[in-house]
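> Sharing a sequence plus its predicted fold:
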Amino acid sequence: MQDPNADTEWNDILRRKGILPPKEEPKEDEEEEQALKQQSIVKTYEDMTLDELDENEDEFGEEDEAAIEMYRQKRLAEWKATQLKNVFGEVVEISGQDYIKEVNKAGDGIWVVLHLYKPGVPLCALINQHLCGLARKFPQTKFLKSISTTCIPNYPDHNLPTIFVYFEGDMKAQYIGPLVFGGMNLKADELEWRLSESGAIKTDLEENPKKQIEDKLMSSIRCSERTRAKDSDSEDEDY
């Protein structure tokens, strides 16, 4: 028996003559189901991140490789555009009124380095100088400075300099007082290493520069001790 809903010329003639009833239109749910069946698996890539594309690439067939690569390049371009938006490159002065906006609400994925200082404190001036160089070297990190009492009322001077490190509004590290920084002997690469330990920047330094100085100092001390020991042995032999 012929299906009265089939799309054939004979059925069309019978419908026109009123022998067959009009063709039944598919229900809305059936249309959606058919559309989903016809829809390519490629559509699932549209909402995937770069990491998700990498994680799920084994789930897709060879015919989808071109589409996967297309979406990967799209996601990569979006990521690069986001990175370009988040370029800072300088140390910005803020006040207490700016604190919430610039620090706590800095944005997703943003590291913030905030230096509390006071004019006339030599070590604070040195750190501000080092931070200017680091801000240019690591433009994806937001570097800020603020006069301590302007930012935090009655902040004690003996805590200066102070550096707070935040990520997405949460404090991740704090460095308080001159002893933490090693005084006026602080070098830019030593501060860079310290901030990299907090996660605020990704340094290309292979080891702590301070350790190199300490190793040289210890080596020098050991050499001096050996020299004194030899001199002492020689004096004993003379007696």
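Here it is on my side, so go on.

> How many neighbouring residues does Leu116 have?
Residues near Leu116, counting by other Cβ atoms under 10 Å, number 22. Glycine gets a C-beta too; all of them are placed from N, C-alpha and C.

> what about the helices in this protein?
Taking DSSP state H to define them, one finds helices in the chain at 9-16, 28-38, 50-56, 65-85, 99, 122-137, 148-151, 178-181, 188-198, 209-238.

> Is Cys124 in contact with Pro161, as I believe?
Yes. Counting by Cβ atoms under 8 Å, Pro161 is a contact partner of Cys124 at 4.6 Å.

> Next, count neighbours for the residue nearest to Ser196 when sequence neighbours are not counted.
For Ser196, ignoring the flanking residues on the chain, the nearest one in space by Cβ to Cβ, 6 or more residues apart in numbering is Thr203 at 3.9 Å. Neighbour count of Thr203, defined by other Cβ under 10 Å: 16.

> One more: Asp157?
When neighbours are counted by other Cβ under 10 Å, Asp157 comes out with 9.

> same question, Glu207
9.

> if we can go back for a sec, distance of the residue nearest to Ser196 relative to Val165?
With the distance defined as Cβ to Cβ, to the nearest Å, Thr203 ends up 14 Å from Val165.

> Give me the common contacts of those two.
Leu195 (Cβ atoms under 8 Å, 6 or more residues apart in numbering).

> Name the spans of this protein whose pLDDT lies under the cut-off.
1-5, 24-54, 56-64, 68, 78-86, 211-239 (pLDDT under 70).

> Now do the domain split for it, please.
For the chain, automatic domain parsing gives the domain ranges 41-84, 91-210.

> Export the ones you listed as TSV, with columns for distance to Asp7.
TSV is the format used below for the domains of the chain (distance: least, Cβ to Cβ, whole Å):
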stretch	distance to Asp7
domain 41-84	28
domain 91-210	53
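
> Of those domains, flag the one that's most buried.
Most buried of the domains of the chain, by mean neighbour count (mean count of other Cβ atoms under 10 Å): domain 91-210, with a mean of 16.

> Can you get me the start-to-end distance on that one?
End-to-end distance for domain 91-210, by Cα to Cα, to the nearest Å: 24 Å.

> Who does the nearest residue to Met171 once chain neighbours are set aside form a beta bridge with?
Excluding its sequence neighbours, the residue lying closest to Met171 (Cβ to Cβ, 6+ apart) is Phe164, at 6.1 Å. Beta-bridge pairing for Phe164 (DSSP bridges): Leu114, Gln174.
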